[in-house]
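S.K.: Based on what follows, work out the 3D shape:
(2 chains)
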Number of protein chains: 2
Amino acid sequence: MKIAVLGTGGGARAHTAKLLELGHDVSVGTRDVDATLARTEPDMMGNPPYRQFLADHPGIQLRTFANAAATADLVINGIDGANALAALTAIANQLAGKTLIDYAVPYLYNPQVEHPWPTPFGVMPKLEPCDTDSLAEQIQRALPEVRVVKSLVTQEQDTVVNPKAVGGGDHTMFVAGDDEQAKKTTTELLRSYGWSDILDLGGLVAARGMEMYAHMHAAIGIALGLGNHFGVKIIRH
Amino acid sequence: MKIAVLGTGGGARAHTAKLLELGHDVSVGTRDVDATLARTEPDMMGNPPYRQFLADHPGIQLRTFANAAATADLVINGIDGANALAALTAIANQLAGKTLIDYAVPYLYNPQVEHPWPTPFGVMPKLEPCDTDSLAEQIQRALPEVRVVKSLVTQEQDTVVNPKAVGGGDHTMFVAGDDEQAKKTTTELLRSYGWSDILDLGGLVAARGMEMYAHMHAAIGIALGLGNHFGVKIIRH
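M.R.: Numbers count the residues shown, from 1 in each chain, chains lettered A, B, ... in the order given. This next block holds a predicted model:
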């Protein structure tokens, strides 16, 4: 399948590598191709320069957001939550009619607001939107011709593409969205990643809980300690 | 142990019955004892009148919030999230020095605000506070002499006191709080309920994620369908 991954951060790289491994035709979208290729230092999360990732993963087509989306049948949004809505709205034409899988957490990075960034250890950044709205719903409202699915966001970015690394894969991945066909496409992709327990939470309104779970996910990660991978399993009766 | 359960709703009743069964000396606190005893209709959640619950569970001492808290060594807050802070602050003297286990979700019930109550099916009420604060932290700030622990909130109110009903009990209960002794007391109570996997999420700041998880908990419950019990298990490596 022709798949575009928008973004060059850690999560986007995990998807990109996995999709290449699965034999897909993968385009990666970035804001400024030349700037991405020019970087020689690790990014703010400590990921090595992207050109090193490209060298290690032959076959990736690095393009602008617009060009990557234009050539794809399926788009995965790996643009950070604070910038995703504006960046996706700018390429509305290239996304129209396609399935967009969004896993962004809308952390507010704005240092002008009362909640500082970086936050003290153990305190997560403010979410914006939160509670009565979600980033996924904002994206869907801004792009009514796109089939938005929220998924992937409630698990670690490494285990998302390698679920069997935790508990032999017996943990739960969620999907939510208003388009059944798009959720089916997403579910098939998740199965190809190795997910077997995929729970459909219904309409895109359920993205609120999935995004807000970020705070508990972070607290669990801190409690278990760095490097101790975990997954969330919904135990049924 | 002398334990007070504040509240007469479904969750409070589950704890009250379980604590009686475990042989504790149980006081139940209510705002107005006469009014609670006078009710002959089911409450807004469909629970039968409290006097029927009392008749079915001999040994409960029904008291005012203040008198119930005054006689107890350990207090469980089952007052609804919209009213808990005011009700607990009013009995600060009776709670001082004690462990208070809080499981309230701070749903905003105020019909005057833009977010209506009841909400459309699948849309949960607004949380107030949310994201950059939690009800548990508000209670702790208002009652600095009380040892506040957040727990119980991330599981169904039936399975909280009967974890083995789901997955043989192999799912995860969280605790968070700033007082280690209070978390130890809470953990011992949870073990007596049947919980074996109890994960300490650290300081009370983690209550934010636990309360905000309410939206995902609701979405999972709706997805699985009424009457299909479930639990959340954190799968470690």
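S.K.: Could I get the contacting residues of residue A:124?
M.R.: Counting by Cβ atoms under 8 Å, 6 or more residues apart in numbering or on different chains, residue A:124 touches A:107, A:214-215, A:218, B:208-209. Glycine gets a C-beta too; all of them are placed from N, C-alpha and C.
S.K.: Among these, which are located in helices?
M.R.: A:214-215, A:218, B:208-209 (DSSP state H).
S.K.: Please check those and keep the buried ones.
M.R.: A:214-215, A:218, B:208-209 (16 or more other Cβ atoms under 10 Å in any protein chain shown).
S.K.: The residue positioned nearest the centre of chain A - nearest residue in space that isn't next to it in sequence?
M.R.: In chain A, the C-alpha nearest the mean C-alpha coordinate belongs to residue A:103, at 3.1 Å (Cα atoms, centre = their mean). Nearest residue to residue A:103 in three dimensions, chain neighbours excluded: residue A:152, at 3.7 Å (Cβ to Cβ, 6 or more residues apart in numbering or on different chains).
S.K.: May I see the buried ones among the ones in helices among the contacts of residue A:124 organised as TSV, with distance to residue A:52 and pLDDT added?
M.R.: Below are these laid out as TSV (distance: Cβ to Cβ, whole Å; pLDDT from 0 to 100):
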residue	distance to residue A:52	pLDDT
A:214	28	97
A:215	32	97
A:218	28	95
B:208	37	98
B:209	34	98
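S.K.: Contacts for the longest helix belonging to chain A next, please.
M.R.: When chain A is scanned for its longest helix (criterion: DSSP H), the result is helix A:180-193. Helix A:180-193 is touched from outside by A:18, A:22, A:74, A:99-101, A:147-149, A:151, A:160-163, A:173, A:175-177, A:198, A:200, with contacts defined as Cβ under 8 Å, 6+ apart.
S.K.: For chain A, which segments count as strands?
M.R.: Applying DSSP state E to chain A gives strands spanning A:2-6, A:25-30, A:61-64, A:74-77, A:99-102, A:147-151, A:172-177, A:197-200, A:230-236.
S.K.: May I have the strands that pair with the fourth one, each with its orientation?
M.R.: Its sheet considered, strand A:74-77 pairs with strand A:2-6 (parallel), strand A:99-102 (parallel) by DSSP bridges.
S.K.: now the ones you listed in a markdown table, with mean neighbour count and mean pLDDT?
M.R.: Below are these laid out as a markdown table (neighbours: other Cβ atoms under 10 Å in any protein chain shown; pLDDT from 0 to 100):
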| stretch | mean neighbour count | mean pLDDT |
| --- | --- | --- |
| strand A:2-6 | 26 | 98 |
| strand A:99-102 | 27 | 98 |
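S.K.: is it true that the residue nearest to residue A:103 touches residue A:101?
M.R.: Yes - here residue A:152 reaches residue A:101: they are 6.8 Å apart, a contact under Cβ atoms under 8 Å.
S.K.: Test my guess that the residue nearest to the centre of chain A contacts residue A:149.
M.R.: No - using Cβ under 8 Å, residue A:103 is not in contact with residue A:149, being 9.6 Å away.
S.K.: dump the residue contacts of residue A:220.
M.R.: Contacts of residue A:220 (Cβ under 8 Å, 6+ apart): A:230, B:199, B:201, B:234.
S.K.: Low-confidence regions, chain A specifically.
M.R.: Counting by pLDDT under 70, chain A shows low-confidence ranges at A:110-117.
S.K.: let's see 80
M.R.: A:109-118, A:226, A:237 (pLDDT under 80).
S.K.: For stretch A:59-66, what is the distance to the chain centroid?
M.R.: Computed by Cα atoms, centre = their mean, to the nearest Å, the chain-centroid distance of stretch A:59-66 equals 17 Å.
S.K.: Contacts made by it with the rest, please.
M.R.: Outside stretch A:59-66, the residues that touch it by Cβ under 8 Å, 6+ apart are A:4, A:6, A:16, A:20, A:26-33, A:36-37, A:50, A:54, A:68, A:71, A:79, A:87, A:90-91, A:94.
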